[in-house]
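Engineer: no FASTA, just this:
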């Protein structure tokens, strides 16, 4: 699969997404549900925040760049109506501040991006899928949205 962006730009976006993801913290809302949150978005005076959360401009800039990437992908694939012909970043990297249960996945840019991502995962060969899964392991809180379990079940069914 080819990338819409040069490899170094793709890698930079991946690094930025992973960085913001590393700043998110889990909030165990129930035994089965893990919400993700970014402390810098909460209404807390900055002098109460740990140093690692005081990089608001860097985080905002990274999130803006990731949203531009998502928009580019959504435009290229006509909001999910065209088949995906390239490897795209996983949704938890592109939208690192959305928890798996967020309503944000059900509207707007994240919903469209997730649709395109779903098409990509479904169309991958077994080898492409294994490589992608190794390259982008899904965080525990994103197991369902990652579609890895569903794809593995399809592979098992096809093998029978």
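Structural biologist: Yep, it's here. Remember, it's a predicted structure, so these values are computed and weren't measured experimentally.
Engineer: what about the helices in the chain?
Structural biologist: 7-23, 56-76, 91-94, 108-123, 126-135, 143-146, 148-159 (DSSP state H).
Engineer: quick one: the first one to helix 56-76, angle?
Structural biologist: Helix 7-23 and helix 56-76 meet at an angle of 130 degrees, taking axes from the mean of the first three to the mean of the last three Cα atoms, to 10 degrees as the criterion.
Engineer: what is helix 7-23 packed up against?
Structural biologist: Applying 3 or more Cβ pairs under 8 Å, 6 or more residues apart in numbering; DSSP states H and E, one finds that helix 7-23 contacts helix 56-76, helix 91-94. All C-beta spots, glycine's among them, are computed from the backbone N, C-alpha and C.
Engineer: what does the longest one give?
Structural biologist: Under the contact criterion of 3+ Cβ pairs under 8 Å, 6+ apart, helix 56-76 touches helix 7-23, helix 91-94, helix 108-123.
Engineer: same deal with the fifth one?
Structural biologist: Counting contacts by 3+ Cβ pairs under 8 Å, 6+ apart, the secondary-structure elements packed against helix 126-135 are helix 148-159.
Engineer: cutoff 10 Å now
Structural biologist: Applying 3 or more Cβ pairs under 10 Å, 6 or more residues apart in numbering; DSSP states H and E, one finds that helix 126-135 contacts helix 108-123, helix 148-159.
Engineer: take those helices and write them to CSV, including mean neighbour count.
Structural biologist: Shown next, in CSV, are the helices and strands packed on helix 126-135 (neighbours: other Cβ atoms under 10 Å):
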stretch, mean neighbour count
helix 108-123, 18
helix 148-159, 12
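Engineer: lowest average pLDDT across those helices?
Structural biologist: Out of these, helix 148-159 stands lowest, with a mean of 79 (criterion: mean pLDDT).
Engineer: list the contacts of it.
Structural biologist: Contact with helix 148-159 is made by 90, 118, 121-122, 124-126, 129-130, 132-133, 136-138, 142-144, 147, as judged by Cβ atoms under 10 Å, 6 or more residues apart in numbering.
Engineer: thinking again about what came up before, and the helices and strands packed on helix 7-23 as JSON lines, adding distance to residue 11 and mean pLDDT?
Structural biologist: Compiled in JSON lines, the helices and strands packed on helix 7-23 are given as follows (distance: least, Cβ to Cβ, whole Å; pLDDT from 0 to 100):
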{"stretch": "helix 56-76", "distance to residue 11": "12", "mean pLDDT": "85"}
{"stretch": "helix 91-94", "distance to residue 11": "11", "mean pLDDT": "91"}
